[in-house]
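Novice: coords please:
(2 chains)
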Amino acid sequence: MVDRRTLVGAALSAPFVTRAAAQAPARNETLLLVQEYGPNSLDMQGIGSSQPVNGVALNCYDRLIRFKPTPLPDGGGGAFNMTDFEPELAESWQVASDGMSVTFKLKDAAFHSGRAVTAKDVKWSLARALAIGGFAKTQMNAGSLENPEQFVAVDEKTFRVDFVRRDKLTLPNLAVTIPFVFDSELAIRNGGEDPWAKEWLKNNVAGSGAFKVESWKPGSETIYVRNDAWKGGKLPTLRRIIARDIPSPATRRALIERGDADISYGLPPKDFKDLADGGKVKVVGVPVPNALWYLALNAATGPFTDVRLRQAVAWAMPYEKILQASLFGRGVAMWGGPENPAPAWPTPFPYKTDMAKAKALVSEAAPGGVKTALIFDTGAATIAEPMAVLIKEALAPIGIDVELTKIPGANFRGELNKKIHPMAINRFGGWLDFPDYYFFWNFHGANSIFNISSYQSAAMDKLIDAARFTQDPAAYKANVEAFIALSQKDAPVIPIAQPLHDVAMQKSIGGYQFWPCREPDFRYLTKT
Amino acid sequence: MLKTIGDRLLTTIPAIIGVIVVSFLLTRILPGDTASYFAGPAATPQAIEQIRKQLGLDRPLPEQFARYVADLAKGDLGQSLTTGQPVVSDIKSRLPASAELTLFGLIISMLVAVPMGIAAAVRQGSFIDHACRVVATAGVSLPVFFTGLLLVYIFYFVLGWSPAPLGRLDVFYSAPPSVTGFYLIDSLIAGDGGTFRAALSQILLPGLTLAVFALAPLARITRASMLAALSSEFVRTARASGLTPRTVILTYAFRNAMLPVITTLGMVFSFLLGANVLVEKVFAWPGIGSYAVEALIASDFAPVQGFVLAMAVLYVGLNLLIDLLYGVIDPRARAAA
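Specialist: Okay, here's the model as predicted:
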């Protein structure tokens, strides 16, 4: 029996009920992300673009192809495989029988402006990455994409890349966040004098991606909304993403623990450990492919030109203590491996803490002991500082007296580039997950700025070059095994741990997807 | 009055020139290589050189300075590399946020400190006097970021009374149409009570943090100058004439004690602008302080120079305002000027 009171109550509350019901899905389809800092541009190809700009490239633009997601072993989300691709803008692709080109058929996709995506846009966009220079060009070159003439718009919907050489990195390199496709007509129209519309594209998105940028307040907030006409894949379930820049890690942690933020990027390892142990929120930690925390020893100048001293340091390192005290266990151990490791990278070196061996090597090479200095980045001080202190403590008893020097973040790379410091703590990760890629940048005689040890070895160069361009799997394996073995013997760097890329999220968040650029992919994320 | 303002403004010109030169030189002398920072972790030496060239950092210092001054004359403070925007528009959008927060903190602290200082002076040695001393000591000895984190921990994390420290507004509110740039005022102008409440609840904790910091100097100086005024001849005369204690204290003593309080207020305001930097970091406040710090960490010159310049102009303006206030409060100061 319905009495009058219930009826009046129902009538009065009706507007609120319907409003609540209407708002509920909106909150479910809106994601609040907190991160340390946001993008400084909307154009990842542009000079000086910061790390989060990769996220804009990932979500707002399409590439021809992307890596195929593979589930993570613990079910916490997805990672990828460097050699498996799936279509994004391309419907299909075919490598020519001579192996010297690849032809893409484009989908019937449209830009946010409504214009159809054509092969001309793809050509313009890839040529732009080369023309602008800086990081974009470096990354393109890494996959032997060196000349705009390699890009051919065959017809409206057919696009071809001609190879300058056979390079297994070419296709993977087309799937990273640099060769994404712009609406070239829109960009040129707004570019004014500049044929590449650098200034305009820095502040505007002209893509075909799954999300559009609704508002961007640099340094405080970026809001993305879904592009319902996206053709690159399955329509994302999230409609709106609010990415707030919260500089204080303590505040970011409080927000995720209180349940106010849905997903939090970039906390110190201790916070991730606490959150993972606490069990209130989900922490997904993916070992970063092709990445290492390591101690570099200068092989060209100073005491560590003597390989015995480098080996001595490798035997004296307090590995386990470092992993626990500075990374709080959020890393994969890179010591105590077998004598002949598998041809994979990163791989544990055979060294482990053995002070007797270390002492013997030092008394052989430098009986009076040595005085030396170690630099580390204050920008990564929560991790690098305890690491440096532990190394200093461990090396003192074997006669290596280490002086610690902190270098402010902005200056660190400049100091590394001088290549004069005998010891440095650093972290490197290469986007393209192949051992020879890592070795080329870090240990090749071409002496790139990442060869922090200034390591030079004709034998090493030969092995790396042979592995990079060989088409024979057996030869590749043999070369990789040989150069890993050589790096272990020569020890220009001492691997400590493979870092985990940690992300904390509410338990209601699913579909976490890890990519080489390590930015959140909103296209896969779900919220229940 | 106009002549006073004009004269005072003229004297500020050398100060501003000094600030321009020093800020330019300092940012160049500080360690840190902008080009290699912005070339990113995967840059080749060629890429770094290219960026250096593009930023004009390969030019000799005098040429860079001449270019900077020429741009400045056109009202162009350069481009920020960390936000990718012109520094002028960054400062324009962020200065109101800092100003609102600072003024809010200052007003709260004034509302507490001045009455407390008066009461402490009037009832010297009483409970309120001791309380004033304790509060002032606590205020100066707590670093602002600590107070901020403590307040966040208690009122947000443990009790859940305060909203998430997510900046000026909760994510589900949008900013009111900009008139003054102060959300509290703009939302009232727009007649949007919901946004006003949301903005107020966001500003409360960071405002309190600043207020605690500003409390000590204001309370101490109010107490001291009130004591001096209360023991002076004219107060004794006023008392002897049979005026009510209220009139004596507020009209005679306080009016005369106000000058040092106003001076301190100006100083505290500029301290607060500095203290803001850390508070803005803790509360994700999109203000100018956190902006400058981010820029400094990234050796991003243009915003640092812009910040220093903006602060210098603000400070000069503030000093001018205080000088003029002196004249309003004390006719003798007017005559001297």
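
Novice: C-alpha from now on. contacts and neighbour counts both.
Specialist: Fine.

Novice: Chain A against chain B: which residues are in contact?
Specialist: On the criterion C-alpha under 8 Å from any C-alpha of the partner chain, chain B has as its neighbours in chain A the residues A:39-41, A:47-50, A:133-135, A:138-139, A:202, A:218-220, A:242, A:244-248, A:250-251, A:254-255, A:258, A:260, A:408-414, A:448-449.

Novice: Show the contacting residues for residue 282.
Specialist: All of this refers to chain A. Contacts for residue A:282 (C-alpha atoms under 8 Å, 6 or more residues apart in numbering or on different chains) come out as A:275, A:276, A:504, A:505, A:506, A:507.

Novice: you looked at the wrong chain, it should be chain B
Specialist: By C-alpha under 8 Å, 6+ apart, the contact set of residue B:282 is A:247, A:248, A:250, A:251, B:145, B:148, B:149, B:165.

Novice: that older thread, quick one: which of the residues of chain A next to chain B sit in helices?
Specialist: Secondary-structure check on these using DSSP state H: residues within helices are A:134-135, A:138-139, A:202, A:250-251, A:254-255, A:258, A:409-414.

Novice: For residue A:168, give me phi and psi.
Specialist: Backbone geometry at residue A:168, expressed as degrees, to the nearest 10, gives phi -70, psi -10.

Novice: Quick check: which helices or strands does the top strand by length along chain A pack against?
Specialist: Counting residues, the longest strand in chain A under DSSP state E turns out to be strand A:493-505. Using 3 or more C-alpha pairs under 8 Å, 6 or more residues apart in numbering or on different chains; DSSP states H and E as the contact test, the elements touching strand A:493-505 are strand A:263-265, helix A:269-278, strand A:282-287, strand A:291-297, helix A:319-325, strand A:331-333.

Novice: Turn these into CSV, including mean pLDDT.
Specialist: As requested, the helices and strands packed on strand A:493-505 are exported to CSV (pLDDT from 0 to 100):
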stretch, mean pLDDT
strand A:263-265, 93
helix A:269-278, 93
strand A:282-287, 92
strand A:291-297, 94
helix A:319-325, 94
strand A:331-333, 94
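
Novice: of the ones you listed, which approaches residue B:218 most closely?
Specialist: Shortest distance between residue B:218 and these, using C-alpha to C-alpha, is found for helix A:269-278: 38.7 Å.

Novice: follow-up on the earlier one: from the ones in helices among the residues of chain A next to chain B, which is closest to residue A:56?
Specialist: Each of these was checked against residue A:56 using C-alpha to C-alpha; the closest is residue A:202, at 11.0 Å.

Novice: Return the residues in contact with that closest one.
Specialist: Residues near residue A:202 by C-alpha under 8 Å, 6+ apart: A:41, A:42, A:43, A:46, B:84.

Novice: near chain A, which residues of the stretch 101-250 of chain B show up?
Specialist: B:157, B:164, B:165, B:166, B:171.

Novice: Drop anything exposed from these.
Specialist: Among those, those classed as buried by 16 or more other C-alpha atoms under 10 Å in any protein chain shown are B:157, B:164, B:165, B:166.

Novice: Widest-spaced pair of these?
Specialist: Taking C-alpha to C-alpha as the measure, those reach their widest spread between B:157 and B:166, a distance of 13.1 Å.

Novice: Please name the nearest non-neighbouring residue to residue B:162.
Specialist: residue B:156 (4.9 Å; C-alpha to C-alpha, 6 or more residues apart in numbering or on different chains).

Novice: What does the pLDDT read for that neighbour?
Specialist: The model reports residue B:156 with a pLDDT of 85.

Novice: Any idea how far stretch A:456-469 is from the middle of the chain?
Specialist: Offset of stretch A:456-469 from its chain centre (C-alpha atoms, centre = their mean, to the nearest Å): 25 Å.

Novice: Next, count neighbours for the residue in the stretch 101-250 of chain A that chain B sits nearest to.
Specialist: For the stretch 101-250 of chain A, the residue positioned closest to chain B under C-alpha to the nearest C-alpha is residue A:134, at a distance of 4.4 Å. As a burial measure, the neighbour count of residue A:134 was computed by other C-alpha atoms under 10 Å in any protein chain shown and equals 28.

Novice: show me what contacts the closest residue to it other than its chain neighbours?
Specialist: Closest residue to residue A:134 apart from its sequence neighbours, by C-alpha to C-alpha, 6+ apart: residue B:47 at 4.4 Å. Contacts for residue B:47 (C-alpha under 8 Å, 6+ apart) come out as A:133, A:134, A:135, A:138, B:39.

Novice: helix, strand or coil for residue A:401?
Specialist: For residue A:401, the secondary structure call by DSSP: H, G, I helix; E, B strand; the rest coil comes out as strand.

Novice: Any figure for the gap between it and residue A:471?
Specialist: 47 Å (C-alpha to C-alpha, to the nearest Å).

Novice: Between the two, which is the more surrounded one?
Specialist: The neighbour count for residue A:401 versus residue A:471, taken as other C-alpha under 10 Å, is higher for residue A:401 (17 against 13).

Novice: now that one: how far from chain B?
Specialist: Using C-alpha to the nearest C-alpha, to the nearest Å, we find residue A:401 at a distance of 27 Å from chain B.

Novice: cool, and residue A:276?
Specialist: 18 Å.

Novice: burial of that residue, as a residue count?
Specialist: Residue neighbour count, defined by other C-alpha under 10 Å, stands at 17 for residue A:276.

Novice: again with residue A:448
Specialist: Residues within reach of residue A:448, counting by other C-alpha under 10 Å, total 18.

Novice: Does it touch residue A:441 like I think?
Specialist: Yes - with contacts counted by C-alpha atoms under 8 Å, residue A:448 reaches residue A:441, the gap being 5.9 Å.

Novice: By proximity to chain A, which residue of the stretch 51-200 of chain B wins?
Specialist: Here the residue of the stretch 51-200 of chain B nearest chain A is residue B:83; by C-alpha to the nearest C-alpha that distance is 4.2 Å.

Novice: Check the burial of the closest residue to that residue other than its chain neighbours by counting its neighbours.
Specialist: The spatially closest residue to residue B:83, leaving aside those adjacent along the chain, is residue A:40, at 4.2 Å (C-alpha to C-alpha, 6+ apart). Neighbouring residues of residue A:40 were enumerated by other C-alpha under 10 Å; the total is 25.
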